[in-house]
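*Asks:* Please find the sequence and the predicted model below.
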Amino acid sequence: MQKICLLGATGSIGASTLDVISRYPEQFKLVSAAANTNVEKMAQICRNFRPQRVVMGDQDSRDRLAALCCDLPIQFEYGQAAMESIAADDCDQVMAAIMGFAGLRPTLAGIRAGKRTLLANKESLVTAGRLFMEEVERHNVVLMPIDSEHNAIYQCLPQTEHGAHKRDIARILLTASGGPFRTFTSEQMTCVTPAQACAHPNWSMGQKISIDSASLMNKGLELIEACWLFDVTPNEVQVVVHPESIVHSMVSYQDGSVIAQMGNPDMKIPIAYGMTWPERIDTGVAQLDFFDLAQLNFEAPDLDRFPNLRLASEAWFAGGTAMATLNAANEVAVAAFLREQIGFLDIARLNERVLERSDINTVNNLDAVFEADGRARELATKLISAEFT
Ligand code: NAD
Ligand code: MG
């Protein structure tokens, strides 16, 4: 029996994780869960899965949840410290699926406690980078990428008993759907709405990652994520736009072989793989039907229409706090776009401006990351009111 701590339980990854857990009640038990403010959804999770500890983002949400579930023997808590505490408490695996930079501390708490870490929360690895990977190594943690592309790359790499390793690889081919605006001109993208940006052609996901997919910032974050996870640089990663989202990524080897991982686009596949590796289980996802597919397409990304991908690569080469700075600017920009305070193309403009105007420091400790994050958020907020509205 594997005890699971689920951070971000009320989200899209949270729902897919709960689906996998509920299919295998003898194999997995949800022991703890965390979310921000969605009390109703968390109350449902409490009734269906009976975890022991549940943490909400603030006291009001915690109190409302406790009132709704007063007949259940669950310890209800709130705040960051409690989220860190459940990740480090009695569990075998931590699913890190909180949205954004807010997931960094709880994710690291699970790693420091030596838990198998299922990493969906890419922002935590992107921002803390080397520090994050050093903690993984120090605590001898099994880190399973849940992002479908990185999970695919992991599956395409040579497997050892300690996980996947890059050996004899020429490059990584990171696939991207291209998002809902793949065929739009810049002019057409000027006035797209949040609803249009959230309508992803192949995946149903949380709002923030949906906007990131539309702006290709998601692919930028994933480029950085791949560099940290697989110890490569952006020069060894080629982004390949593949609108059908059937090939989830590929690894190209020195001998000319390319190994791809394919499947229907459903996050239950990478989630279940992360939870059961090195075994596999039936996820209920339909098998691929190649006669149905008939055709798969591939094209190069357009960095002029989607500058976020270029910015991510530049941030990687700038190093240090540049990646935390870019991520923070983007989190502020996406929130402002969702409030319809700035336009869609302003997201990349704001990201670029914040990156240009921020000092880049080396990252010797977590404080440096938090400081860069705070400064970038402040600058982005200022720029929005001064230059973008
Ligand atoms: P979502 O918006 O659907 O859910 C986010 C979850 O995080 C919710 O449970 C929410 O309550 C919680 N949360 C948000 N802010 C919080 C805070 N400050 N403190 C505590 N909890 C907080 O998002 P999602 O689509 O499930 O994505 C979650 C993470 O997984 C993101 O980092 C995303 O990039 C990554 N991811 C998602 C997908 C996908 O298909 N949805 C795929 C790959 C990676
Ligand atoms: Mg992805």
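*Replies:* That came through fine. Ligands and ions are numbered 1, 2, ... in the order given.
*Asks:* Let me know the pLDDT of the residue in the stretch 51-200 of the chain positioned nearest to ligand 2.
*Replies:* Going by CB to the ion, ligand 2 is nearest to residue 147 of the stretch 51-200 of the chain, at 4.1 Å. Any C-beta I mention is one placed from the backbone N, CA and C, and that applies to glycine too. For residue 147, the model assigns a pLDDT of 98.
*Asks:* Tell me, how many residues neighbour the residue nearest to residue 236 when sequence neighbours are not counted?
*Replies:* Computed as CB to CB, 6 or more residues apart in numbering, the closest residue to residue 236 that is not its neighbour in sequence is residue 171, at 4.9 Å. Look at residue 171: counted by other CB atoms under 10 Å, it has 16 neighbours.
*Asks:* my read: residue 171 touches residue 252, true?
*Replies:* Yes - counting by CB atoms under 8 Å, residue 252 is a contact partner of residue 171 at 5.1 Å.
*Asks:* before we move on, back to that, now do the one helix or strand the residue nearest to residue 236 maps to: which elements does it pack against?
*Replies:* Residue 171 is part of strand 169-176, with elements assigned from DSSP states H and E. Other elements packing on strand 169-176 under the criterion 3 or more CB pairs under 8 Å, 6 or more residues apart in numbering; DSSP states H and E are helix 148-156, helix 217-230, strand 237-241, strand 247-253.
*Asks:* pretty sure the residue of the stretch 51-200 of the chain closest to ligand 2 contacts residue 225?
*Replies:* Yes - counting by CB under 8 Å, residue 147 does reach residue 225; the two are 6.5 Å apart.
*Asks:* Mind listing the shared neighbours of the two?
*Replies:* residue 122 (CB atoms under 8 Å, 6 or more residues apart in numbering).
*Asks:* does any bit of stretch 375-386 sit next to ligand 1?
*Replies:* No - against ligand 1, stretch 375-386 shows no contacts by CB under 6 Å from any ligand atom, the least distance being 13.3 Å.
*Asks:* Show me what the worst-scoring helix or strand of the chain on mean pLDDT packs onto, helices and strands only.
*Replies:* Ranked by mean pLDDT, DSSP states H and E, the helix or strand of the chain with the weakest confidence is strand 163-164, at a mean of 74. Helices and strands touching strand 163-164, by 3+ CB pairs under 8 Å, 6+ apart, are helix 148-156.
*Asks:* Other residues contacting the helix it packs on?
*Replies:* 144-145, 163-164, 172, 174-175, 222, 225-226, 229-230, 247-251, 259-261, 265, 267, 269-270, 273-274.
*Asks:* Next, count neighbours for the closest residue in space to residue 69 that isn't next to it in sequence.
*Replies:* Spatial nearest neighbour of residue 69, chain neighbours left out: residue 46 (4.8 Å); criterion: CB to CB, 6+ apart. By other CB under 10 Å, 21 other residues sit near residue 46.
*Asks:* so which strand or helix has residue 46?
*Replies:* Using DSSP H and E, residue 46 sits within helix 39-49.
*Asks:* Count the neighbours of the residue of the chain found nearest ligand 1 for me.
*Replies:* Ligand 1 sits closest to residue 11 of the chain, with a gap of 1.9 Å, by CB to the nearest ligand atom. Other residues near residue 11 come to 24 when the count uses other CB under 10 Å.
*Asks:* you'd agree it is up against residue 206?
*Replies:* Yes - between residue 11 and residue 206 there is a contact at 5.3 Å, judged by CB under 8 Å.
*Asks:* joint contacts of these two?
*Replies:* The contact sets of residue 11 and residue 206 overlap at residue 99 (CB under 8 Å, 6+ apart).
*Asks:* these two touch, right, residue 351 and residue 329?
*Replies:* Yes - with contacts defined as CB under 8 Å, residue 351 counts as touching residue 329 at a distance of 4.7 Å.
*Asks:* List the contacts of the nearest residue to residue 23 once chain neighbours are set aside.
*Replies:* Nearest residue to residue 23, sequence neighbours excluded (CB to CB, 6+ apart): residue 284, at 6.6 Å. By CB under 8 Å, 6+ apart, the contact set of residue 284 is 19, 23, 268.
*Asks:* Residue 284 falls within a strand, correct?
*Replies:* No - counting by DSSP: H, G, I helix; E, B strand; the rest coil, residue 284 is not found in a strand; it is coil.
*Asks:* beta partners of the closest residue to residue 53 other than its chain neighbours?
*Replies:* Nearest residue to residue 53, sequence neighbours excluded (CB to CB, 6+ apart): residue 32, at 4.3 Å. Taking DSSP bridges as the rule, residue 32 bridges to residue 5, residue 53.
*Asks:* and residue 193, how far is that from residue 343?
*Replies:* 10 Å (CB to CB, to the nearest Å).
*Asks:* out of these two, which sits in the busier spot?
*Replies:* residue 343 (16 against 12).
*Asks:* excluding its backbone neighbours, what's nearest the more buried one?
*Replies:* Excluding the flanking residues, the one nearest residue 343 by CB to CB, 6+ apart is residue 190, at 6.1 Å.
*Asks:* for the one you found, what are its contacts?
*Replies:* Residue 190 makes contact with 343, 344, 345, according to CB under 8 Å, 6+ apart.
*Asks:* Run a quick neighbour tally on residue 97.
*Replies:* With other CB under 10 Å as criterion, residue 97 counts 29.
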